[in-house]
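**Student:** have a look at this prediction, sequence included:
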Amino acid sequence: MAVLVKSEMVKKNFHLGKTEVPALRGVDLEIEEGEFSVLAGPSGSGKTTLLNLVGLIDSPDEGRLEFSGNDISKLGERRLNEIRKTRIGFVFQNFNLVPVLTAYENVEYPLLLLKMSARDRRVRVEKYLTRVGLWDRRRHRPSQLSGGEQQRVAIARALVKQPALVIADEPTANLDSQTTHQVIQLMSRLNDEEAVTFLIASHDPIVIAAGKKVICLRDGLIDGCDQ
């Protein structure tokens, strides 16, 4: 399989007053197309920082980061924004649904940004809300849905633009164990059926156990506990 994301000695520091705090200390990473990878590690290990780099939300201070063979340091903001908009989907632990929009409208929103026709938008939204088992709840707003249902809507929203990569940051942190099993099984099934690459950050043992590849991050370094 082709390599979708590659990092070489990537470092990222943050500043707290006059103190420089290293978040990533030199990360080498390869994510191949179609992988279902879990980035595991305790809070403060650098997981979210690494996801932000892979998702092109932030850039490294040192090292090289490639997305689909392109060195991101050589891409302008317009091109980076285009890649984020078309090729990367995001799932967050707090769902990040728009409260005044229905499930249908939340899933449709990324397609409006892509200026897709109304007919094509409906086909896509129906497909992915059906895939996550929520077509019959399409008219419900987030407040009318359970936490698991809200996260399934968020997964449909991430997939509706048919990205190359879905990045999920602690997607089950606000869910009980039974719902966690259901959500992670759904994501794994969609990985198989849609051939979309997943990179999921979590310290939840249920999620880690479901990873087809596990990358362990500790103190800003990958510590070699891949499985």
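**Tutor:** Structure's in. What do you need? Residues are numbered from 1 along each chain as shown.
**Student:** buried ones in the helix or strand residue 85 falls within?
**Tutor:** Using DSSP states H and E, residue 85 sits within helix 77-87. For helix 77-87, the neighbour count (16 or more other CB atoms under 10 Å) marks 80, 83-84, 87 as buried. C-beta coordinates here come from the backbone N, C-alpha and C atoms, glycine included.
**Student:** after the helix or strand in which residue 209 is found, next one along is what?
**Tutor:** Using DSSP H and E, residue 209 falls within helix 205-210. Following helix 205-210 in sequence order, the next helix or strand is strand 213-218 (DSSP H and E).
**Student:** and that next one, which strands flank it?
**Tutor:** Take DSSP bridges as the rule and strand 213-218 pairs in its sheet with strand 36-40 (parallel), strand 221-222 (antiparallel).
**Student:** burial of the spatially closest residue to residue 200 that is not a sequence neighbour, as a residue count?
**Tutor:** Using CB to CB, 6 or more residues apart in numbering and skipping residues adjacent in sequence, the residue nearest residue 200 is residue 168, 4.4 Å away. Look at residue 168: counted by other CB atoms under 10 Å, it has 27 neighbours.
**Student:** may I see the strands paired with strand 213-218 arranged in JSON lines, with distance to residue 23, mean pLDDT and mean neighbour count as well?
**Tutor:** Below are the strands paired with strand 213-218 laid out as JSON lines (distance: least, CB to CB, whole Å; pLDDT from 0 to 100; neighbours: other CB atoms under 10 Å):
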{"stretch": "strand 36-40", "distance to residue 23": "14", "mean pLDDT": "97", "mean neighbour count": "24"}
{"stretch": "strand 221-222", "distance to residue 23": "11", "mean pLDDT": "94", "mean neighbour count": "20"}
